[in-house]
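Asker: coordinates for the following, if possible.
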Amino acid sequence: MDRIVFHHDTVLSDIHLLLPNAQHLMARLNRVGQPVFTSKFKILWKGKATDTCERGSASVKEEDYVSSLHEEEEEYASRVEADEEEAVDKPVLDDDGDLKVLRRPKEGFSECKSRAEIFPIILSQSSAIQEHACDNEEDESNQQDIIRIEHTMATSLQDVGKQVWRGAFLLADYIYSHASVFRNATVLELGAGTGLTSIIMATTAKMVYSTDVGEDLLSMCQRNTTLNRHLLASEGGELRVRQLDWLKDDLCTEADEEFGWTEDEVADLYDNTSVIIAADVCYDDDLTDGFFRTVYRLCNSMTKPCTIYLSLEKRMNFTLRHMDVSCDAYDYFRHCLCQLQAIVDGPHRFHVEPLATSFPQCLQYERIEHLELWKVTSTPTVEHLHGGQDKGPTPT
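Answerer: Here you go, the predicted model:
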């Protein structure tokens, strides 16, 4: 299957639509019969470059390279001018007496410098070529700069968690750019979907609980964790895929559930979690309500102060109600943020602030102006630290 079929009730992430050099070949069918694709995302930078590698700026080596090209062009121009003056009287000859031809530097070469080098391959035997392709697959699976993600495409709104969205890439960029903030931390991701952000977080954090709801989606997340175990092995982080339903008050601890929690994991979650992350989960008002209720409930049960990082894309839609372009889901998200910060008589206080998105870009995608990153800090009140039992009101 190499064609993407669109229906009136399906949506497709720009990550998959604009993925460079993607073939969109189906890998398998999932449990519910949906075609599953595998995409490879290259990590462009892991936080070890110089400070000049900001978004939209060239690195030091790139600047030196471009300046050297300019010097070559200037030298070429001066040589041509000088040789043209000599050519009025006599042709330009080299030491052997042959006609000397000046060659101009290749135009646009600096623009193509970032592309992968292309090497010619002599086709000899088809079997050898197939073996070479298999070897390349194995090599790529072991590379530390390749993330392989299984996902679906053009899904209904109920299954958008099975795709990769730009909000996940933005949050991943922030994690790579601020790795020291998350080092050795216990992290919970809400609405992990394919698990891309959890995988990247696990390269620096001590423990990551990647959570969502639905056996098929959780199985996909688990498969992606297995596909990228080479990224986690070198760093020592641990990633566990678990079920967490925003519409239920308790965690699933039933022993027969494939993605249920153990008692030790529940204790670890509440005693050691210091970071909660979520990427592009507030696109529906009911889901947004469930998300903020879950965040409020979890933070009140945690013994440590907790920082929540939320990324999302502000999506503009034309509505018949307004007869204009609006972003109702985003407006409701902002309303819930303000409501959370306004709670003053609960066991935790919440401080909300937007974060600048000018940090370096580590993954290849279009960082549009509608992408936002928010930071919410949850701090226990004095009464709660002294054993107060009042849970306070729940945001609605």
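Asker: residues of stretch 240-259 that come out buried?
Answerer: Arg240, Val241, Arg242, Gln243, Leu244, Trp246, Leu251, Phe259 (16 or more other CB atoms under 10 Å). Using the backbone N, CA and C atoms, a C-beta is placed for each residue, glycine as well.
Asker: what about that stretch, average pLDDT?
Answerer: Averaging pLDDT along stretch 240-259 yields 93.
Asker: now do the end-to-end distance for it.
Answerer: Chord length of stretch 240-259, first to last residue, is 9 Å (CA to CA, to the nearest Å).
Asker: what does it rub up against?
Answerer: Contact partners of stretch 240-259, identified using CB atoms under 8 Å, 6 or more residues apart in numbering, comprise 190, 192, 195, 207-213, 215, 218-219, 221-222, 225, 260-263, 265-266, 269, 287, 290-291, 293-294, 297.
Asker: among those, which ones are buried?
Answerer: Neighbour counting with 16+ other CB under 10 Å marks 190, 192, 195, 207-213, 218-219, 221-222, 225, 261, 265, 269, 290-291, 293-294 as buried within these.
Asker: quick one, phi psi at Ser198?
Answerer: Backbone torsions of Ser198, given as degrees, to the nearest 10, read phi -60, psi -40.
Asker: do you know how far the closest residue to Trp246 other than its chain neighbours is from Lys42?
Answerer: Closest residue to Trp246 apart from its sequence neighbours, by CB to CB, 6 or more residues apart in numbering: Gly290 at 3.5 Å. Separation of Gly290 from Lys42 (CB to CB, to the nearest Å) stands at 34 Å.
Asker: what does Val382 give?
Answerer: To Lys42, Val382 is 48 Å away according to CB to CB.
Asker: likewise for Asp345?
Answerer: Distance from Asp345 to Lys42, by CB to CB: 49 Å.
Asker: those two: which has the busier surroundings?
Answerer: Legend: neighbour count by other CB atoms under 10 Å for Asp345 and Lys42, higher for Lys42 (14 against 10).
Asker: pLDDT score assigned to Ile129?
Answerer: Ile129 carries a pLDDT value of 35.
Asker: scratch that, Glu73 is what I was asking about
Answerer: Glu73 is assigned a pLDDT of 56 by the prediction.
Asker: check the one 4 residues further on too.
Answerer: As summarised for this prediction, Ala77 has a pLDDT of 60.
Asker: ok, the one 3 residues further on next?
Answerer: Model confidence at Val80, given as pLDDT, is 54.
Asker: Thr377: neighbour count?
Answerer: Thr377 has 16 neighbours, counted by other CB under 10 Å.
Asker: residues contacting it?
Answerer: By CB under 8 Å, 6+ apart, the residues touching Thr377 are Pro305, Cys306, Thr307, Ile308, Phe350, His351, Glu353.
Asker: taking those residues one by one, which sit in strands?
Answerer: Among the contacts of Thr377, the members falling in strands are Cys306, Thr307, Ile308, Phe350, His351, Glu353 (criterion: DSSP state E).
Asker: for Thr379, see how far away the third one is.
Answerer: Between Ile308 and Thr379 the computed distance is 12 Å (CB to CB).
Asker: need the next SSE after the least confident helix or strand in the chain by mean pLDDT, C-terminal direction.
Answerer: Counting by mean pLDDT, DSSP states H and E, the chain has its least confident helix or strand at helix 126-142, which shows a mean of 45. Going down the chain from helix 126-142, the next helix or strand is strand 146-151, by DSSP states H and E.
Asker: tell me what that following strand is packed against?
Answerer: Helices and strands touching strand 146-151, by 3 or more CB pairs under 8 Å, 6 or more residues apart in numbering; DSSP states H and E, are strand 35-42, helix 126-142, helix 196-201, helix 215-227.
Asker: any chance you could map the strands in the protein?
Answerer: 26-29, 35-42, 146-151, 186-189, 207-212, 238-243, 273-279, 306-313, 317-319, 324-326, 348-355, 371-380.
Asker: with just CA atoms, put the third one into CSV.
Answerer: To tie it back to what came earlier, the one meant is strand 146-151. Extracted in CSV, the C-alpha atoms of strand 146-151 (Å, rounded to 0.1, in the frame of the first residue of the first chain):
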residue,chain,number,x,y,z
ILE,A,146,17.4,7.4,14.2
ILE,A,147,13.9,7.0,15.9
ARG,A,148,11.6,4.4,14.3
ILE,A,149,7.9,4.9,15.0
GLU,A,150,5.0,2.7,14.0
HIS,A,151,1.8,4.7,13.4
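Asker: between strand 35-42 and it, find me the angle.
Answerer: For strand 146-151 against strand 35-42, the angle by axes from the mean of the first three to the mean of the last three CA atoms, to 10 degrees is 160 degrees.
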